[in-house]
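Visitor: kindly return the folded structure for what I paste below:
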Amino acid sequence: MSPPPHSETQGIEVRGYTSHNTLALPPLRALSHLIDFSLVLLAVLITADYFRISPMPKLSLLLLSGTLASAYWFPQKKFFGLTLGERAWLLKSKKTRLYQRDYLGPLAVFGASLITTLSLLITAHEFRSVVLGHPNWLASEEWKLQSFSPNSKNWTVSPFYYLLGGWPKSFQGKPVFYSLPYEVGPPNHFVGHVTVYWEHPNISVTLEGPKTPERGATAAELRNCFLGSVTSNHCLLLRETALTRHVQEITSTRHDTRRHWSMKWFHVENPLLSAQDAPQGIYLSARDRNSTQDRFIFINVNGTHQAIILRRPNNERGEMAFALLQNSIGSIRNSSELESGKAWINQTLEATQLKDLKTAPDNATVSARIGEIQQLLISKITVDPADFNSYFHLAGTSLMLAKTSPEHRLRIKLALDNLASAQHYARDVAPEDSRLVQIQNLDTEIHKFLGHE
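Guide: As a prediction, the model looks like this:
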């Protein structure tokens, strides 16, 4: 039998599971590009979060995206001819063109679809956390706080900068103490901040001096932007300007868990205050696995920013501290000038007599009362930083606090810190005042006392 003619065997084309003779269809190319886009975006989000880059449409974020996209795409194309997305959909590169398999079995389609879906879901989750969960984009709601009338037994009414309100004398039965860290400023500028220790070391309150962003806005403008749409460029800019410093300070330390942010526009409903004196502003909260930081950013009628910061653990005592601070917030009058605060604290200090300490029953009562007096002196310093007398008396009461609290290491440390700050501030305010020598002698005396103890 003769073999079949050669012409009958020509043109036979063998197609198998791994043959690539069909140009990749547009849907498959789109799906492969979708995987690549998701992976690049995921890399951008992780990098921006790690290096604390604000997820705003800015040149820095654009450059980061372009750099990571190039680093992802060019090496793969140059050395392998295919990207990860193209590999997932089993494409093949031939002379700069993409071909798909002649036959895609159910398992191959399922596997590629699964990879596509997972890449989209993971990227969407990261986008929701890094971008939509960032304070600059976070949706805000209105928070109405009730007014609070502090009593003289448990509260001290005094001003701190532009805020005149009630401040607790104790937390859970133990007296609170105030610390005035030294920062260059007086006599021409405010002191930077005051730290209040409610429960050392886990619960503390920071009373910040006025720190208004350069590109300021009125309280009404900010309120509209925080409670309204966040999509307008103007509002995005105002929100970022108001929040940037606070977000950077909160995220300044590395953390092993992602923070949960929440934000509200707060205002106190106090019928006794005019609309311009009623406290209002931004409430920003950052919560991680172990602790929470709450920031009440007050904005007065002139657009001046001043913050009260609570650091607390995520437990029952932390919730108690938060509730107590809300009472303080509810008692505050946010003024646009300092004169009313000066008049109030001057009158209060005039009625304060150190000789009353002699009638105290024990050292614990004396040290608690000294802490209250130091609170008044530091309050005076925040509204009148050029007054030398306040620093002079702060130094003297610091020595008294150390002598009445020999068994309390924290109080001794606070006494030393306040004495050192008072000495530095007094020298800045009045370098020629003869009483500087007396403050120096107090410093020597306290160290002799501690050395003797």
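
Visitor: just the mean pLDDT for the strand or helix carrying residue 63, thanks.
Guide: Using DSSP states H and E, residue 63 sits within helix 59-79. Mean pLDDT, helix 59-79: 93.

Visitor: who's in contact with it?
Guide: Residues external to helix 59-79 that are found in contact with it (Cβ atoms under 8 Å, 6 or more residues apart in numbering): 36, 39-40, 43-44, 47-48, 53-55, 82-84. Bear in mind the C-beta positions are built from the backbone N, C-alpha and C, glycine included.

Visitor: farthest-separated two in those residues?
Guide: Across those, the longest distance by Cβ to Cβ is 34.6 Å; it joins 54 and 82.

Visitor: just checking, which of the contacts of helix 59-79 belong to helices?
Guide: Members of those lying in helices (criterion: DSSP state H): 36, 39-40, 43-44, 47-48, 84.

Visitor: by neighbour count, which of the residues you listed wins?
Guide: Using other Cβ atoms under 10 Å as the neighbour criterion, residue 44 leads the ones in helices among the contacts of helix 59-79 with 23 neighbours.

Visitor: chain neighbours aside, what residue packs nearest to it?
Guide: Excluding its sequence neighbours, the residue lying closest to residue 44 (Cβ to Cβ, 6 or more residues apart in numbering) is residue 65, at 5.1 Å.

Visitor: please tell me how far that neighbour sits from residue 123.
Guide: Residue 65 sits 13 Å away from residue 123, going by Cβ to Cβ, to the nearest Å.

Visitor: same question for residue 45.
Guide: Relative to residue 123, residue 45 is positioned 7 Å away (Cβ to Cβ).

Visitor: for the least confident helix or strand in the chain by mean pLDDT, packing partners?
Guide: Within the chain, confidence by mean pLDDT, DSSP states H and E is lowest for helix 436-452 among all helices and strands, at a mean of 82. On a contact count with 3 or more Cβ pairs under 8 Å, 6 or more residues apart in numbering; DSSP states H and E, helix 436-452 meets helix 388-404, helix 409-429.

Visitor: flag every buried residue along the shortest one.
Guide: To tie it back to what came earlier, the one meant is helix 388-404. By neighbour count with 16 or more other Cβ atoms under 10 Å, helix 388-404 contains the buried residues 388, 390-404.

Visitor: give me the number of residues near residue 176?
Guide: Other residues near residue 176 come to 22 when the count uses other Cβ under 10 Å.

Visitor: per-residue confidence at it?
Guide: On pLDDT, residue 176 comes in at 96.

Visitor: what's near enough to touch it?
Guide: Residue 176 is in contact with 168-170, 196-198, 371, counting by Cβ under 8 Å, 6+ apart.

Visitor: if I look at it, how far off is residue 371?
Guide: With distances taken as Cβ to Cβ, residue 176 is found 7 Å from residue 371.

Visitor: next: residue 306.
Guide: Noted for residue 306: a distance of 23 Å to residue 371, by Cβ to Cβ.

Visitor: how about residue 145?
Guide: Relative to residue 371, and taking Cβ to Cβ, residue 145 is found at 27 Å.

Visitor: please apply the same query to residue 412.
Guide: According to Cβ to Cβ, residue 412 stands 13 Å off from residue 371.

Visitor: what does residue 98 give?
Guide: 75 Å.

Visitor: same check on residue 129?
Guide: Distance of residue 129 to residue 371, computed by Cβ to Cβ: 43 Å.

Visitor: do the same with residue 449
Guide: For residue 449, the distance to residue 371 equals 18 Å [Cβ to Cβ].

Visitor: and residue 129 and residue 371? which has more neighbours close in?
Guide: Taking neighbours as other Cβ under 10 Å, residue 129 and residue 371 compare with residue 371 leading, 21 against 16.

Visitor: any low-confidence regions in this structure?
Guide: Filtered on pLDDT under 70, the chain yields the residue ranges 1-17, 229-231, 254-258, 451-453.

Visitor: quick one, phi/psi of residue 206?
Guide: phi -110, psi 120 (degrees, to the nearest 10).

Visitor: that one contacts residue 197, doesn't it?
Guide: No - contact between residue 206 and residue 197 fails when scored by Cβ atoms under 8 Å: they sit 10.5 Å apart.

Visitor: and those two? which has more neighbours close in?
Guide: In terms of neighbours (other Cβ under 10 Å), residue 197 is the more surrounded of residue 206 and residue 197; the figures are 21 against 18.

Visitor: partners of whichever helix or strand that one is part of in the sheet?
Guide: Using DSSP H and E, residue 197 sits within strand 193-199. For strand 193-199, the paired strands and their directions (DSSP bridges) read strand 177-179 (antiparallel), strand 203-208 (antiparallel).

Visitor: neighbours of the closest residue to residue 49 other than its chain neighbours, how many?
Guide: Nearest non-adjacent residue to residue 49, counting by Cβ to Cβ, 6+ apart: residue 130, 4.8 Å away. By other Cβ under 10 Å, 20 other residues sit near residue 130.

Visitor: check contacts around residue 130.
Guide: Counted by Cβ under 8 Å, 6+ apart, residue 130 has contacts 45, 48-49, 55.

Visitor: for residue 92, same thing?
Guide: Contact analysis of residue 92 by Cβ under 8 Å, 6+ apart lists 20, 82, 98-101.

Visitor: now the two most distant members of those.
Guide: Based on Cβ to Cβ, the longest span within those runs between 82 and 101 and measures 13.2 Å.

Visitor: so for the two, which sits in the more crowded spot?
Guide: Higher neighbour count among residue 82 and residue 101: residue 101, with 21 against 18, using other Cβ under 10 Å.

Visitor: against residue 147, how distant is the more buried one?
Guide: Residue 101 is 72 Å from residue 147, where distance means Cβ to Cβ.

Visitor: residue 403 now?
Guide: In terms of Cβ to Cβ, residue 403 sits 40 Å off from residue 147.

Visitor: how far off centre is the helix holding residue 63?
Guide: Centre-to-centre, helix 59-79 and its host chain are 31 Å apart (Cα atoms, centre = their mean, to the nearest Å).

Visitor: state the phi and psi torsions of residue 151.
Guide: The phi/psi pair for residue 151 (degrees, to the nearest 10) reads phi -90, psi 160.

Visitor: and it, how many neighbours?
Guide: With neighbours defined by other Cβ under 10 Å, the count for residue 151 comes to 8.

Visitor: quick one: residues contacting it.
Guide: Not one residue lies near residue 151 by Cβ under 8 Å, 6+ apart.

Visitor: much appreciated, bye for now.
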